[in-house]
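Chemist: Structure, please.
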Amino acid sequence: MSKMKEYRSFYFFAFLLFFGTHGNSLFAQDKEDSPQQEVKKQSELYLRAPNVVPGTMPEMREASYWISKMKSPDKVVLDLGEIKSRNAAYRQRMADSSELDSAVALRIEKQIKDRPGLLANVPDIGPMTPTELADLTQRMVQSGTAYLRSREFGNIMAIGYGESELEAIEKEISYTPERNITTPQTAITVTQCRLHIIPPIKPEYIGLFTNGKARWDLWNLDVLPVGTPVHVLYASKTGAFSFILSERGYGWVPSEEIAIGSKSEITSFDNPNGFIICTSDRVPFYSDADCTYVSGWLRMGDQLPLVGTDSRSVRIPSRNANGKFNFQEAWLRPDADVHVGYLPYTQKNVAVQAFKLLDNLYDWTGAWYGRNHATNLRDIFSCFGFQLPANGILLAAFEKNPQTISPNEGREAQFKHILSNEPFLTLQVCENSHSQMFMGDYDGVPIGFDAHGYSYKDGDGNDLELKRWVVSTIEMPDYFLEQEITFVKLY
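Modeler: Next up is the predicted model:
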């Protein structure tokens, strides 16, 4: 080795030795700002509330506790025909607002205005002329672009958008006649996909509206299950997003998450002779019979058609490279938490299904593929064939003449009225649209299954964060009893 190479090796070794022993002091400032150091600052995280909420007991977190209190847990409450009749009556009521109480109709109108994409009833676009369809599409698209400017929104880092960013979003999604689809295309979702009011044209683009306690993406509306039939009405400027109409509302979905097919193809896939329904929080399906690789996921209440008589083999919609509809076979594990057809509608089965979602994140808009108070209830009861709306105000109208109670009647009267209802078969909705499931009583206090984004203070005055699906007294959230409560009796 030459002298020059020896010197280089010596100095390189000395450099490594020096920084190995002195690097901590030389770069102390950088280390203070490192992610590892930040993790230690627990005071900067929100405090997680204990699983057992004040006013409840640990055993209340088990379905068996409540089932033991039921008089007839295995009795079928309503058969499938009766459930379908209730679904049809609700759809008819939403299509003809004259059947609604005027106060309820006004609350529905306001809710729909505040959340573009939300629908009381899905319009029948089949008989529409091209002009009528274009007008409808324009109004729906423009409701979203107006929403973009309705308040200050921020990105995933909770930093407000600049004017150039807002203009770029508007250019991508604004309605222009030359991009209008004169004939709606029928399509189907090929994965669980989020239905956006404003599409995230960049991954970091979401609709945060505060950097404090409420951490939701207000640009999302809901989640569409795999296999959802939709109508494609419009395309974004680049074609990255499709504007669709579905049973869960209208809005934008990534174009690669839907497949275009004929009406007969989509209809035949959506209405098979046999199907499985997901009866768990999340269930994977696989690319092979050995269940080695996951190909996708189902959420509670989602359905897929069976390939044959084997409950492990299901049909999955897929998208060819040209965007056209196809389908393939996928497999479920032998122990997959699914059921062939709808579950029998019993009080016990409702309790079992509900507790499978215990402690899940409260995701108000579904942007993280989670659920809120109303979508929890929708997904639980869809296992039995109900088609509940995913919004509290709409849910309050599921019964034609629901009973209500006012806070003016006093706390004692409120409790008495609530406790007179059937546990796990009664839903409660207050005026601001918050909904929950009535479970029973404890020492004369109503207990509910609820998901909300609120906190409560401990003995030291600290805010303890819930933001998940919990068993709690009806006194939480505290505003619930201060408003008129509507009871939706599903029995």
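
Chemist: drop to CA atoms for contacts and neighbour counts, all remaining ones
Modeler: Noted.

Chemist: Quick one: mean pLDDT over stretch 168-188.
Modeler: Averaging pLDDT along stretch 168-188 yields 92.

Chemist: ok now that stretch, how far from the chain's centre?
Modeler: Between the centre of stretch 168-188 and the centre of its chain there are 25 Å (CA atoms, centre = their mean, to the nearest Å).

Chemist: do the same with stretch 484-491
Modeler: Distance of stretch 484-491 from its chain centroid, counting by CA atoms, centre = their mean, is 22 Å.

Chemist: next one: stretch 153-160
Modeler: Using CA atoms, centre = their mean, the offset of stretch 153-160 from its chain centre is 21 Å.

Chemist: Put the alpha carbons of it into PDB.
Modeler: This file holds the C-alpha atoms of stretch 153-160, laid out as PDB (Å, rounded to 0.1, in the frame of the first residue of the first chain):
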ATOM      1  CA  PHE A 153     -59.400  23.900   5.000                       C
ATOM      2  CA  GLY A 154     -56.000  22.500   5.700                       C
ATOM      3  CA  ASN A 155     -53.800  19.600   4.300                       C
ATOM      4  CA  ILE A 156     -52.700  16.500   6.200                       C
ATOM      5  CA  MET A 157     -50.300  18.700   8.200                       C
ATOM      6  CA  ALA A 158     -53.200  21.000   9.200                       C
ATOM      7  CA  ILE A 159     -51.600  23.900   7.100                       C
ATOM      8  CA  GLY A 160     -54.100  26.000   5.300                       C
END
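
Chemist: In it, which residues are buried?
Modeler: If you call a residue buried by 16 or more other CA atoms under 10 Å, then stretch 153-160 has these buried ones: 153, 154, 155, 158, 160.

Chemist: Now intersect those with the strands, please.
Modeler: Among the buried residues of stretch 153-160, no member falls in strands (DSSP state E).

Chemist: Max pairwise distance over those residues: which two?
Modeler: Farthest apart among these by CA to CA are 153 and 158. That separation is 8.0 Å.

Chemist: List the buried residues for stretch 84-93?
Modeler: By 16+ other CA under 10 Å, the buried positions in stretch 84-93 come out as 86, 87, 90, 91, 93.

Chemist: Can you tell me how far the first one is from residue 131?
Modeler: Residue 86 sits at a distance of 34 Å from residue 131 (criterion: CA to CA, to the nearest Å).

Chemist: Secondary structure element holding the nearest residue to residue 172 once chain neighbours are set aside?
Modeler: Nearest non-adjacent residue to residue 172, counting by CA to CA, 6 or more residues apart in numbering: residue 237, 4.8 Å away. If you go by DSSP states H and E, residue 237 is not part of any helix or strand.

Chemist: Verify the contact between residue 237 and residue 169 for me.
Modeler: No - if you go by CA atoms under 8 Å, residue 237 and residue 169 don't touch, sitting 10.0 Å apart.

Chemist: Quick check on those two: which one has the bigger neighbour count.
Modeler: Neighbours per residue (other CA atoms under 10 Å) separate residue 237 from residue 169, with residue 169 holding more: 20 against 17.

Chemist: Phi and psi next, for the more buried one.
Modeler: The phi/psi pair for residue 169 (degrees, to the nearest 10) reads phi -70, psi -40.

Chemist: okay but it is in contact with residue 205, surely?
Modeler: No - Residue 169 is beyond contact range of residue 205, at 9.6 Å (criterion: CA under 8 Å).

Chemist: Can you tell me what sits against the strand or helix carrying residue 91?
Modeler: Assigned by DSSP H and E, residue 91 belongs to helix 80-95. Here helix 80-95 makes contact (CA atoms under 8 Å, 6 or more residues apart in numbering) with 99-100, 120-121, 384-388, 397-400.

Chemist: swap the cut-off to 7 Å and go again
Modeler: 99, 100, 120, 121, 385, 386, 387, 398 (CA atoms under 7 Å, 6 or more residues apart in numbering).

Chemist: What lies in contact with the longest strand anywhere in the chain?
Modeler: Ranked by residue count, the top strand of the chain under DSSP E comes out as strand 180-189. The set of residues external to strand 180-189 that reach it, using CA under 7 Å, 6+ apart, is 130, 226-234, 257-263, 266.

Chemist: same deal with stretch 238-258?
Modeler: Residues from elsewhere that reach stretch 238-258, judged by CA under 7 Å, 6+ apart: 117-119, 122, 172, 187-191, 193-199, 229-236, 319.

Chemist: Show me the domain layout of the protein.
Modeler: For the chain, automatic domain parsing gives the domain ranges 47-79+345-489, 115-340.

Chemist: so which of these gets nearest residue 105?
Modeler: The nearest among these, by CA to CA, is domain 47-79+345-489 at 9.1 Å.

Chemist: For the closest one, measure first residue to last.
Modeler: Domain 47-79+345-489 stretches 36 Å from its first residue to its last (CA to CA).

Chemist: picking that back up, mark which of the contacts of strand 180-189 are buried, thanks.
Modeler: The neighbour count (16+ other CA under 10 Å) marks 226-234, 257-261, 266 as buried among the contacts of strand 180-189.

Chemist: For the protein, just list every one of the helices.
Modeler: Secondary structure of the chain (DSSP state H): helices located at 3-26, 28-32, 35-39, 63-67, 80-95, 102-114, 130-148, 163-173, 263-270, 347-355, 373-382, 392-395, 411-419.

Chemist: ok, back up a step: just checking: what are the partner strands of the longest strand of the chain?
Modeler: As defined by DSSP bridges, the strand partners of strand 180-189 come to strand 229-235 (antiparallel), strand 258-260 (antiparallel).

Chemist: where does the chain have low pLDDT?
Modeler: For the chain, applying pLDDT under 70 flags the ranges 1-43, 271-272.

Chemist: one more time with 90
Modeler: Where the chain drops to pLDDT under 90, the residues are 1-46, 96-104, 177-183, 210-215, 267-273, 308-311, 452-455, 459.

Chemist: Of the strands paired with strand 180-189, give the one that comes closest to residue 433.
Modeler: strand 229-235 (26.9 Å).

Chemist: Now do the closest one: everything it contacts.
Modeler: By CA under 7 Å, 6+ apart, strand 229-235 touches 137, 179-181, 184-189, 241-246, 266.

Chemist: Tell me which residues of stretch 392-411 come out buried.
Modeler: 392, 393, 394, 395, 396, 397, 398, 399, 404, 405, 406.

Chemist: separation between the first one and residue 84?
Modeler: Distance of residue 392 to residue 84, given as CA to CA: 20 Å.

Chemist: Check the second one too.
Modeler: With distances taken as CA to CA, residue 393 is found 21 Å from residue 84.

Chemist: what do you get for the fourth one?
Modeler: Between residue 395 and residue 84 the distance, using CA to CA, works out to 16 Å.

Chemist: how close does the residue lying closest to residue 97 once chain neighbours are set aside sit to residue 393?
Modeler: Distances taken as CA to CA, 6+ apart place residue 105 nearest to residue 97, at 6.8 Å, with adjacent residues excluded. Residue 105 sits 9 Å away from residue 393, going by CA to CA.

Chemist: same check, this time on residue 150
Modeler: Residue 150 sits 22 Å away from residue 393, going by CA to CA.

Chemist: cool, and residue 57?
Modeler: Distance of residue 57 to residue 393, computed by CA to CA: 31 Å.

Chemist: Please report how far residue 325 lies from residue 103.
Modeler: Distance, residue 325 to residue 103, using CA to CA: 44 Å.

Chemist: between the two, which one's more packed in?
Modeler: Higher neighbour count among residue 325 and residue 103: residue 325, with 22 against 9, using other CA under 10 Å.

Chemist: Alright, that wraps it up for me.
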